[in-house]
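Student: Provided below for reference: sequence and predicted model.
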Amino acid sequence: MTATPASATAAAPGSLQSARFYITFRCNSLCGYCNVWQDDKFKGYHELSLEQACQVLDQLHALGVRYVDFTGGEPVLHPHIDGIVQYAKSLGMAVEITSNGIRFAKHIDAIVPYVDTMNVSLDTLKPERYREIRGVPTLDRALDVISRIGATGSGNLKLICVVTRENVDEVADLLAFAQDNRVAMYFSTMFEYFEEQDTVRDVNRTARKLKLIEQNGKPVTDRPAPRAVAPVDDVIADELMALLYQPFAVLNLHFRKYVEALDPFAPTDCYANKRILTVGPDGRLVLPCYHAFDNSLEWDRDLAELVQDEEFVRVRDEEVGHRKECQGCTVFPYIGLSFSYRFDKIFLYQALSEETAKLKTRFANPLHPRLTLPFDELHTRYAELEQFIDHGLPVPRPPAAADLFYRFDVTPSGIRSGLVAGELSLAELLSDHVHEYCWGIQRSPHVWIRLVYRDLMPLLHELAEQGRLAEGAYESTVASLYETQLAWWQAYLGRYFTGGEAIGTAGPDELVTRFLLRTNALLPDAPQSARIRQVLLHAGCVLGLAPQTLAPLAVHEPFPEAALSVKHLLLIAADADLPGYAALLPAEAAEPLRLVAREPGARAGAPADGEPADAEVARLLQHEDGLDQATAERLATSLRAPTTEERRADLAARLLAHELRTPHLVRSRGEVLRLRAAAGTGLPLAAAAG
């Protein structure tokens with residue numbers, strides 16, 4: 001992974017969105033790999049009253065924070081934790097809490113219904129090993145709490161297992177426990193703290209003192225220079241990867257890939273104090289983060305003032321990611337958020353990982369143990385995709401500024417980016433950057449799979465529950481989801497990404513086509529079927545599958561993805577097929593296809609008929625002719641100011657509509673894609689290029 005330059009590390013004002021709230025530093029465990037109970041710097045803190053904690057939450061919310069993770073120490077040791085969690089939820093925040101379960105039983109009713117994710121740590125099922133790892137003989141309490149939370153039916157329980165050399169032999173048993181209890185278990189390798197990976201400290205030793213020295217007036221830790229981070233043990237890595245498609249197992253592929261690619265001597269793209277605030281037990285802002293905590297700002301002013309404080313800004317802009325202990329850091333809660341803001345290989349693995357987790361949690365897990373999956377075949381297909389992402393895709397250069405998702409270059413003919421083949425328009429560049437995260441990027445393989453787990457499968461499940469599908473039809477569709485996901489990614493990357501010509505798309509196309517047509521054949525005459533068919537048609541158009549093949553999926557009523565379907569067809573479809581595709585889509589949305597079909601030789605920039613673009617879009621695109629690099633970067637970063645997601649989505653849709661007003665220009669940007677497709681299919685190159 002290429003390091004992000006220092007100029008690209010400071011987040012824009014107002015971009016704070018998450019908080020790690022260390023509600024207490026007290027803990028009733030003595031885990032060997034944790035330093036909270038060992039270091040004197042965590043001792044003796046005043047803890048907030050209920051009223052004070054609610055004030056902190058109000059101030060976090062006013063800053064834009066919409067996710068709060070209550071952690072510690074052990075959160076339930078705080079006397080007002082129940083009311084604090086409930087208040088956070090009343091503000092509309094997404095709430096997560098992590099507990100060791102030892103004293104959680106009496107808090108189940110007061111906390112579990114008010115959190116989005118209820119984490120309980122469980123590293124072993126052996127009482128003696130539990131005591132060795134956590135320093136207390138309380139495995140029975142943790143297991144009892146897990147059982148009781150599961151019995152509530154809340155569905156938000158997640159077990160967290162830190163896999164080390166000490167417990168890797170129990171992975172199979174822990175997974176079986178999770179499956180028997182029908183609860184997700186997240187298997188993770190250990191974060192890099194202050195000592196060697198997998199070091200378990202002597203729980204009986206004296207607490208380690210944190211020594212501070214003054215250097216140029218700044219407190220720094222007396223820690224050694226950075227060292228190379230040892231790769232995750234191969235045995236552990238192999239054990240965990242074998243769980244990728246196993247029911248109830250949760251893996252983070254992106255964390256694994258981040259560790260593999262980590263340069264331990266490069267600055268770290270950490271979001272501590274940039275998008276994540278760390279709040280201490282007394283409301284102080286912990287600097288630079290919990291794991292390297294040697295500085296802080298007392299909560300003596302509103303948090304909106306504290307994040308503008310000179311010391312906060314200095315630490316954020318000069319120290320975070322650049323200190324010695326930041327180099328080689330793998331603390332996922334801080335590093336992980338950055339993955340959503342860089343459109344690179346790590347983001348692709350994050351999308352793959354989260355898609356797999358959603359397909360598993362929402363559809364596959366509920367059918368366990370009745371669902372039969374071809375695990376060996378799935379792992380083989382995943383390995384092929386992994387090989388291409390790792391070695392077939394280019395390594396994109398880091399973006400020129402923190403608020404840009406990817407590096408791009410303005411050329412005389414258009415805009416080129418690191419991963420996407422062909423050219424982008426200014427409208428597409430701005431449409432990508434109007435969103436808060438990379439999840440809104442237009443040309444990415446995750447876009448359609450998101451429709452599968454958000455719309456298609458839930459509606460198909462409704463039809464199954466109503467008895468309107470053939471017996472076993474829903475189950476067989478769920479069984480094909482992982483295979484379809486992997487085929488879709490191969491087919492999409494092969495068409496739209498730089499280096500994609502190395503992927504053979506014929507096999508993946510066949511698998512995706514089979515899924516589309518088979519699913520469509522299941523649909524009864526019901527309201528849900530219309531939306532399912534829209535999602536299916538969109539996939540077929542994006543891949544440019546033959547129009548005659550897609551004929552059973554035709555949709556003539558407007559639907560949300562119609563414009564994006566047309567955009568992809570303009571990029572990749574052969575001239576001769578454009579009228580056929582137009583006949584499959586709503587008439588108004590398909591007009592750009594008809595225009596190009598009628599005038600295939602028209603000047604690329606010929607404007608379409610109709611009213612001018614709205615004033616805001618016209619203002620953003622006024623520099624489109626004669627665009628220079630500085631202007632493009634300024635326009636892209638200007639769109640990242642805080643606003644609502646509805647507003648972002650609306651502006652992105654209007655930018656896409658503007659782009660489709662000049663379909664010949666869109667078509668010219670896809671020439672390299674059509675040439676690639678023709679070379680792979682044996683079609684005449686000139687006809688494919690148009």
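Tutor: Looks like it arrived, so ask away. Numbering: from 1, shown residues only.
Student: sec struct for D69, please.
Tutor: Three-state assignment for D69 (DSSP: H, G, I helix; E, B strand; the rest coil): strand.
Student: is it in a bridge, and if so with what?
Tutor: In this structure, D69 has beta-bridge partners R20, E96, where bridges are defined by DSSP bridges.
Student: Repeat that for I160.
Tutor: Residues in a beta bridge with I160, per DSSP bridges, are S121, Y186.
Student: OK, contacts around it?
Tutor: Shown in contact with I160 (C-beta atoms under 8 Å, 6 or more residues apart in numbering): T98, N119, V120, S121, L122, M185, Y186, S188. Heads up, the C-betas are built off the backbone N, CA and C, glycines and all.
Student: For these, give me a markdown table that also has distance to D109 and pLDDT.
Tutor: As requested, those are exported to a markdown table (distance: C-beta to C-beta, whole Å; pLDDT from 0 to 100):
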| residue | distance to D109 | pLDDT |
| --- | --- | --- |
| T98 | 19 | 94 |
| N119 | 18 | 95 |
| V120 | 16 | 96 |
| S121 | 21 | 91 |
| L122 | 21 | 94 |
| M185 | 24 | 96 |
| Y186 | 24 | 95 |
| S188 | 29 | 85 |
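Student: TSV please, covering those and showing neighbour count and distance to H80.
Tutor: As requested, those are arranged in TSV below (neighbours: other C-beta atoms under 10 Å; distance: C-beta to C-beta, whole Å):
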residue	neighbour count	distance to H80
T98	17	18
N119	21	20
V120	21	21
S121	19	22
L122	23	26
M185	23	30
Y186	17	28
S188	16	30
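Student: From the residues you listed, pick the one nearest V452.
Tutor: Here the nearest of these to V452, counting by C-beta to C-beta, is Y186; it sits at 22.7 Å.
Student: Identify the residues contacting the closest one.
Tutor: K158, L159, I160, C161, V250, L251, N252.
Student: where are the low-confidence patches of the chain?
Tutor: Per-residue confidence of the chain (counting by pLDDT under 70) places the weak regions at 1-14, 33, 190-234, 601-613, 642, 680-690.
Student: mind listing the strands for it?
Tutor: Using DSSP state E, the strands of the chain run over 18-22, 67-71, 94-99, 117-121, 157-163, 184-189, 212-215, 218-221, 249-250, 276-279, 285-287, 295-297, 408-411, 414-417.
Student: roughly how far out does the last one sit from the chain middle?
Tutor: Right, strand 414-417. Between the mean C-alpha point of strand 414-417 and the mean C-alpha point of its chain there is a distance of 24 Å (C-alpha atoms, centre = their mean, to the nearest Å).
Student: helices or strands up against it?
Tutor: Of the remaining helices and strands, those touching strand 414-417 by 3 or more C-beta pairs under 8 Å, 6 or more residues apart in numbering; DSSP states H and E are strand 408-411, helix 426-433.
Student: For T498, which non-adjacent residue is spatially closest?
Tutor: Among residues not flanking T498 along the chain, A421 sits closest, at 4.7 Å (C-beta to C-beta, 6 or more residues apart in numbering).
Student: Phi, psi for Q17 please.
Tutor: The phi and psi torsions at Q17 (degrees, to the nearest 10) take the values phi -140, psi -10.
Student: need the contact list for it.
Tutor: Shown here is Q17, whose contacts under the criterion C-beta under 8 Å, 6+ apart are G64, V65, R66, Y67, R275, I276, E436.
Student: Verify the contact between the last one and R647 for me.
Tutor: No - at 10.8 Å, E436 does not count as touching R647 under the criterion of C-beta atoms under 8 Å.
Student: Neighbour count: those two, which is higher?
Tutor: Legend: neighbour count by other C-beta atoms under 10 Å for E436 and R647, higher for E436 (17 against 10).
Student: who touches the more buried one in this structure?
Tutor: When contacts are counted by C-beta under 8 Å, 6+ apart, E436 touches Q17, R640, E645, R648.
Student: same question, F347
Tutor: H254, F339, S340, C438.
Student: Ok, Q52 next?
Tutor: Contact partners of Q52, counting by C-beta under 8 Å, 6+ apart, are G283.
Student: Then the one 4 residues further on?
Tutor: Counting by C-beta under 8 Å, 6+ apart, V56 makes contact with F21, L48, V279, G283, W299, L303.
Student: can you tell me how far it sits from L287?
Tutor: Summarising the geometry, the distance separating V56 from L287, computed by C-beta to C-beta, to the nearest Å, is 16 Å.
Student: again, but for A105
Tutor: Using C-beta to C-beta, one gets 36 Å for the distance from A105 to L287.
Student: related to what we said a few turns ago, out of the contacts of E436, which end up buried?
Tutor: Buried subset of the contacts of E436 (neighbour count, 16 or more other C-beta atoms under 10 Å): Q17, R640, R648.
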